[in-house]
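>>> let me see the structure of the following:
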Amino acid sequence: MTLSFDTQELEALIRMLDEPDEAIFDQIRNKILEYGPEAIPFLEESWMQLSGEKEIERIEEIMRSIRLNDTFSKLKTWAGEGATSL
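Next up, the predicted model:
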């Protein structure tokens with residue numbers, strides 16, 4: 001599901017990826033995931049500027065999850081349309 005795009009909110013969420021509390025980080029992560037593929041360019045830009053290992057790992061994991069969710073969604077749509085071969 002893609003939200004209407006709020007660049008300021010997304011950038012603020014990305015800045016909070018160094019959150020030490022795992023429960024709060026999970027909320028931040030889930031909110032970023034709701035943006036879907038539209039968040040990837042912002043995450044990539046932040047990823048290139050970070051030096052902290054934990055934040056880099058978190059961004060990489062979020063980008064993987066977004067890509068996986070997007071691929072699954074597209075395959076589900078494709079299969080639902082009666083596709084029979086790749």
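>>> summarise which helices and strands the helix ranked longest in the chain is packed against.
In the chain, assigned by DSSP state H, the helix with the most residues is helix 53-80. Counting contacts by 3 or more C-beta pairs under 8 Å, 6 or more residues apart in numbering; DSSP states H and E, helix 53-80 packs against helix 22-35, helix 40-49. The way it works is simple: take the backbone N, C-alpha and C, and place the C-beta from them, glycine included.
>>> between those, which gets nearest to Arg67?
Relative to Arg67, the nearest member of the helices and strands packed on helix 53-80 by C-beta to C-beta is helix 40-49, separated by 7.6 Å.
>>> tally of neighbours for Tyr35?
23 (other C-beta atoms under 10 Å).
>>> I meant to write Ile59 there.
For Ile59, the count of nearby residues is 21 (other C-beta under 10 Å).
>>> quick check: the nearest residue to it once chain neighbours are set aside vs Glu55, distance?
What sits nearest to Ile59 in space, not counting adjacent residues and going by C-beta to C-beta, 6 or more residues apart in numbering, is Trp47, at 4.6 Å. From Trp47 over to Glu55 the distance is 8 Å, taken as C-beta to C-beta, to the nearest Å.
>>> so what sits against both of the two?
The contact sets of Trp47 and Glu55 do not overlap (C-beta atoms under 8 Å, 6 or more residues apart in numbering).
>>> quick revisit: now tabulate the helices and strands packed on helix 53-80 in JSON lines and tack on distance to Arg15 and mean pLDDT.
As requested, the helices and strands packed on helix 53-80 are exported to JSON lines (distance: least, C-beta to C-beta, whole Å; pLDDT from 0 to 100):
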{"stretch": "helix 22-35", "distance to Arg15": "10", "mean pLDDT": "96"}
{"stretch": "helix 40-49", "distance to Arg15": "8", "mean pLDDT": "93"}
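>>> tabulate those (JSON lines), appending distance to Asp70.
Output for the helices and strands packed on helix 53-80, formatted as JSON lines (distance: least, C-beta to C-beta, whole Å):
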{"stretch": "helix 22-35", "distance to Asp70": "10"}
{"stretch": "helix 40-49", "distance to Asp70": "9"}
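>>> sweet, I'm off.
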